[in-house]
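Visitor: A predicted structure for the sequence below; I have some questions about it.
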There are 2 protein chains.
Amino acid sequence: MSSSNTISHEIAESLRDEILRLQYRSGERFPSERDLAARFDASRGAVREALSQLEQLGLIRTQPGGARVQSVDSASLAVLGPLMQLNDLPNPVLVDQFLETFGVLAALTAKNAINAANAEQLIQLKQLVVKLADESVDLEGMQPRWREFMETLSGIADNLVVRLISNDLKAQFVDQMMRLGIRPDLKKSSIKRLISSLRVSINKKDGELASEAMLAHFEELRTAMSEAIGLKASEIRQMAV
Amino acid sequence: MSSSNTISHEIAESLRDEILRLQYRSGERFPSERDLAARFDASRGAVREALSQLEQLGLIRTQPGGARVQSVDSASLAVLGPLMQLNDLPNPVLVDQFLETFGVLAALTAKNAINAANAEQLIQLKQLVVKLADESVDLEGMQPRWREFMETLSGIADNLVVRLISNDLKAQFVDQMMRLGIRPDLKKSSIKRLISSLRVSINKKDGELASEAMLAHFEELRTAMSEAIGLKASEIRQMAV
DNA sequence: GCCCTATATTTGGTCCGACCAATTTGGTCG
DNA sequence: CGACCAAATTGGTCGGACCAAATATAGGGC
């Protein structure tokens, strides 16, 4: 499926997925570099580069004498994407957890951004919300505007920690959902309510209100996404028959 | 200070810090592997392994023809630790952002854990809180208990996304604060209030209440930590004179 | 003089073979 | 049965070599 251009990356992906599929017990010895080189018909150097990546992901720990597999949930955040991508359909539980987490981070960002925004930035936000409202008829076309709005919020809030987390999460999640063609079907009314709340919170410079609106929105997104995945699942089941 | 045992890791750390210190502009060409090998007096293989790690961190992007530096705030979450460790004293702004972020995640975990806990788990939590209260006289000695409590909450909430993020953050932050001897001076009364709130929320199985208590606690932790760092800073300034 | 193209150079990606040091393993001895 | 020692295994590093892609450079056309 996802074959990088370089051999070392392919090896890394392959081994990473094996570990994520729990084909090794935590603490178990990992095959030696020479064995892996033979198995993948590659040089030891390429294998070493792959293992170096796995180590960075927190999936293995190498030492002279042998590498050992580590527990998945002690790994780095960067394994989330691959973890969701293991099967042809993303794990719904994981997706839901992702949205829940992303929701609280987005709410935090909105709260801080609006509370910290100066007059100029408030005007900018207001304009962005107007643009959002204009395009709210087309849920697909709204995406870029929504992204722009969130980006601006993130820029004003200026919280690097949240930003890095969101980057990681987004890169591993949003794009993948797009690629799979899983699109949550949000009700027009709920979007309208969200936009309205945002507008009010900006006008009143009420970060708390924006935070609550954001939380509510992601709550609805979670149920919608759950349904969307369920739908996709039945589609696939049909095709299999 | 932080010299790994292997050469490739040392090179990686060195280059990572250079990038984090913004010694390269985003998009700028990175020195060639051969040049780096000469500079560090190492083999090209060792350099390549180091670059492989930097790429995993999202700090550079390699391509035939040359590697390029990427913007720091498009990097992976794993750069946070090194970023805070660049100077002898951690960046207070970053520390504050960290605590704020960790706070909302902890609050989310507490809410979900308590809402999802079964009878047995509630009893377990109750016992842990009692143990916390018993040791609340000694703020230092309380740490392990607090960790245990949070671990248990995390286990019950069972949200892998939050867990992975928290792992990353904790590994890069908590231990470092410990190492630097920066200990926030929380008031006994506020700890008492936290424990009391937690106890009530467990008894009433009220996740929302636990969430609020957690948020309030991290809020106090933020101010305390800010003071602690300020104190440390003046200490260092004294020593310099 | 400027722009575009073709060539030469640089650079990353991979391979091979080799050596060292630390760990692991297996057997031997007490 | 346990402690201890030697051999095999394994990761870490080095050097040199070749290829393909990307870049830089020189040349020709306008």
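Guide: Arrived safely.
Visitor: same for the helix ranked longest in chain A, what does it pack against?
Guide: Using DSSP state H, we find that the single longest helix of chain A is helix A:207-240. Helix A:207-240 is packed against helix A:92-116, helix A:188-203, with contacts defined by 3 or more C-beta pairs under 8 Å, 6 or more residues apart in numbering or on different chains; DSSP states H and E. C-beta coordinates here come from the backbone N, C-alpha and C atoms, glycine included.
Visitor: for the helix or strand following the longest one, the averaged confidence score.
Guide: Put plainly, it is helix A:92-116. Using DSSP states H and E, the helix or strand that follows helix A:92-116 in sequence is helix A:119-134. Confidence for helix A:119-134, expressed as mean pLDDT, is 93.
Visitor: check the offset of whatever helix or strand comes next after helix A:119-134 from the chain's centre.
Guide: Going down the chain from helix A:119-134, the next helix or strand is helix A:139-157, by DSSP H and E. The chain centroid and the centroid of helix A:139-157 are separated by 16 Å, computed with C-alpha atoms, centre = their mean, to the nearest Å.
Visitor: how about stretch A:190-205?
Guide: The answer for stretch A:190-205 is 25 Å, by C-alpha atoms, centre = their mean.
Visitor: just the buried residues of that stretch, please?
Guide: A:191, A:194-195, A:197-199, A:201-202 (16 or more other C-beta atoms under 10 Å in any protein chain shown).
Visitor: so for stretch A:106-117, what gets flagged as buried?
Guide: A:106-115, A:117.
Visitor: would you tell me which one of those residues comes nearest to A:L221?
Guide: Each of the buried residues of stretch A:106-117 was checked against A:L221 using C-beta to C-beta; the closest is A:A106, at 10.1 Å.
Visitor: so who does whichever residue of chain A sits closest to chain B touch?
Guide: Distances between chain A and chain B by C-beta to the nearest C-beta are smallest at A:Q56, namely 4.1 Å. Going by C-beta atoms under 8 Å, 6 or more residues apart in numbering or on different chains, A:Q56 touches A:76, B:52-53, B:56-57, B:78.
Visitor: need these in TSV (columns: secondary structure and distance to DNA strand D).
Guide: Shown next, in TSV, are the contacts of A:Q56 (DSSP: H, G, I helix; E, B strand; the rest coil; distance: C-beta to the nearest atom of the strand, whole Å):
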residue	secondary structure	distance to DNA strand D
A:S76	coil	18
B:S52	helix	11
B:Q53	helix	11
B:Q56	helix	15
B:L57	coil	17
B:A78	helix	18
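Visitor: pull out the buried residues from those.
Guide: Looks like those have A:76, B:52-53, B:56-57, B:78 buried, using 16+ other C-beta under 10 Å.
Visitor: which SSE is immediately downstream of the helix or strand hosting A:E18?
Guide: Following DSSP H and E, one finds A:E18 within helix A:7-20. Of the helices and strands lying after helix A:7-20 in sequence (DSSP H and E), the nearest is helix A:33-39.
Visitor: average pLDDT for that next one?
Guide: So the average pLDDT for helix A:33-39 ends up being 96.
Visitor: wait, does the helix or strand of chain A with the lowest mean pLDDT contact chain B?
Guide: Using mean pLDDT, DSSP states H and E, helix A:160-180 stands out as the lowest-scoring helix or strand of chain A, at a mean of 86. Yes - residues of helix A:160-180 contacting chain B under C-beta under 8 Å from any C-beta of the partner chain: A:160-165, A:167-169.
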